[in-house]
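1. Predicted model and sequence follow; I will ask about them next.
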Amino acid sequence: MRAVYLTGDLIYVRALTKEDAKQAAAWFPEPFPIDPVRAERYLKETHSDVWDRKRRLVIARVADHTIAGSVSMRANRVHAALAFTMAPTATDADELEADAIRVLVPWLRDEAEHATVMVDIASDRPVSIAAAEELGLIAGARLREHVARGGYRVDLLMYQALNPRLVERGGRHA
């Protein structure tokens with residue numbers, strides 16, 4: 001079920017399906033494993049409304065279609081925010097997350113025309129940070145030791161960008 005539209009060099013982004021419950025450890029945003037039964041219940045409860053403003057999408061590898069993580073996307077007509085959860089087994093999580101940033105930010109900012117896009121990035125993800133900065137996002141906030149890693153914590157950086165087309169039009173959102 002590869003998405004044609006939201007595809008990068010390494011990953012593609014797609015909706016969660018009931019079948020994804022079997023691989024929930026790769027996309028579920030908690031530090032503990034989740035069993036398939038609980039994951040399926042989570043999918044039914046949180047993804048029943050297609051018009052919900054908060055969605056969790058799968059980040060899958062282009063090469064073999066395995067789930068490499070997920071992205072939580074909160075959006076309304078004006079603002080969008082992204083937060084990533086990468087699979088604990090993904091040794092290339094930083095590169096995959098960076099590819100997802102390169103796919104999702106232009107889509108939300110330039111095509112969906114959100115006035116602002118915010119992306120949460122852990123401070124130990126230099127490739128993801130570089131990708132955000134290449135796209136014109138700037139660091140807006142830092143939460144000290146907010147992200148837990150195996151036995152230590154790192155800061156969470158909140159990057160944000162204004163839609164340049166809206167700034168050119170005097171800040172009016174059409």
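-> Arrived safely.
2. okay, CA-based contacts and neighbour counts for the rest of this
-> Will do.
3. excluding its backbone neighbours, what's nearest the most centrally placed residue in the chain?
-> By CA atoms, centre = their mean, the chain has its centre lying nearest to residue 71, at 3.0 Å. Nearest residue to residue 71, sequence neighbours excluded (CA to CA, 6 or more residues apart in numbering): residue 84, at 4.4 Å.
4. where does this structure dip in pLDDT?
-> Scanning the chain for pLDDT under 70 picks out 1-4, 30-33, 42-44, 46-52, 167-174.
5. try 90 this time
-> Applying pLDDT under 90 to the chain picks out residues 1-5, 15-56, 75-78, 88-89, 110-113, 148-151, 162-174.
6. Tell me which other helices or strands the strand or helix carrying the residue nearest to the centre of the chain touches.
-> Per DSSP states H and E: residue 71 is located in strand 67-75. Contacts defined by 3 or more CA pairs under 8 Å, 6 or more residues apart in numbering; DSSP states H and E place strand 67-75 against helix 24-27, strand 54-61, strand 79-86.
7. Contacts for it, please.
-> Under the criterion CA atoms under 8 Å, 6 or more residues apart in numbering, residues 23, 26-28, 53-61, 80-87, 90, 93, 96 lie in contact with strand 67-75.
8. Adjacent strands (with direction) for it?
-> Paired neighbours of strand 67-75 in the sheet (DSSP bridges): strand 54-61 (antiparallel), strand 79-86 (antiparallel).
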